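> Here is a sequence together with a model predicted from it:
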Amino acid sequence: LFMRAKKNDHIECAMIAAKSRVAPLKPLSIPRLELCAAHILSELVRTFLEAVKLRNSRVTLWTDSQIVLAWLKKDPGLLKTFVNNRVQNIHRTAPQAEWNVPSADNPADILSRGAFPKELMSASLWWKGPPWLSRSQDNWPNTASKINDALKFEIEREEKKKKNEGKIRTKYKQIEIYSL
């Protein structure tokens, strides 16, 4: 969690909180793990904003998962239960948040890929965030088209799944087939 402070034309940026979890024993897909990370982030932001009593602050959250971004833009009622529950909770805990996807400058990757404390101490990306975060928002990466492409991809994938669902009759019994 980074906070930006602007004084005159100077923008200062620093990490104020971080949270990470070990992946659960039950295997989850990478997109679902990314969704869990987005859920943790939204909870962390809500807790922070309540603690420091910043109610009308502009909040921008990042995830480098385009599938998660597509899920967040989609009607939660159309999503499977696991995804639906987390998306609804994210919408409740961070309703005013603007979601974006960073370029390759993802500070969370430092921790999720494993880093020794000595490496963290000198990692500017970890402590200050991506270099563009200290610039005017006009200079931030524009990812609207990527988000729309991800949403289109997710919708097409769900439609293909529905087409593959069906029933097969055998001489023994009816078997239902569902694609995963």
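Looks like it arrived, so ask away.

> quick one: the helices in this structure?
30-51, 66-73, 81-93, 108-112, 117-121, 124-128, 144-164 (DSSP state H).

> okay, those, which one's buried deepest?
With neighbours defined as mean count of other CB atoms under 10 Å, the helices of the chain peak in mean count at helix 66-73, which reaches a mean of 22. (Each C-beta comes from the backbone N, C-alpha and C, glycine too.)

> Could you check the pLDDT of L33?
You'll see L33 listed with a pLDDT of 91.

> Over to L151?
pLDDT at L151 comes out at 57.

> and if you look at the one 4 residues further on?
In the prediction, the pLDDT value recorded for I155 is 61.

> heads up, I number from 6, so please use that
All right, first residue 6 from here; so that's I160.

> Where does pLDDT dip in the protein?
60, 106-108, 147-185 (pLDDT under 70).

> separation between S127 and F7?
Per CB to CB, to the nearest Å, S127 is found 18 Å from F7.

> if I pick F53, what's in contact with it?
6, 21-22, 59 (CB atoms under 8 Å, 6 or more residues apart in numbering).

> higher neighbour count, S127 and F7?
F7 (18 against 8; other CB atoms under 10 Å).

> So for the more buried one, what's the nearest residue that isn't a sequence neighbour?
G134 (4.5 Å; CB to CB, 6 or more residues apart in numbering).

> still on that earlier bit, save the helices of the chain as TSV, and put in distance to K12 too.
Below are the helices of the chain laid out as TSV (distance: least, CB to CB, whole Å):
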stretch	distance to K12
helix 35-56	21
helix 71-78	32
helix 86-98	30
helix 113-117	28
helix 122-126	27
helix 129-133	16
helix 149-169	29
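
> So for D14, which of those sits nearest?
helix 129-133 (17.8 Å; CB to CB).

> Output the contacting helices and strands for that closest one.
strand 15-20, helix 113-117 (3 or more CB pairs under 8 Å, 6 or more residues apart in numbering; DSSP states H and E).

> what about 10 Å?
strand 15-20, helix 113-117, helix 122-126 (3 or more CB pairs under 10 Å, 6 or more residues apart in numbering; DSSP states H and E).

> can you redo the ones you listed as TSV with distance to L84?
Below are those laid out as TSV (distance: least, CB to CB, whole Å):
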stretch	distance to L84
strand 15-20	31
helix 113-117	23
helix 122-126	35
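
> Ok, which of these comes nearest S141?
Taking the helices and strands packed on helix 129-133 one by one with CB to CB, strand 15-20 is closest: 7.5 Å.
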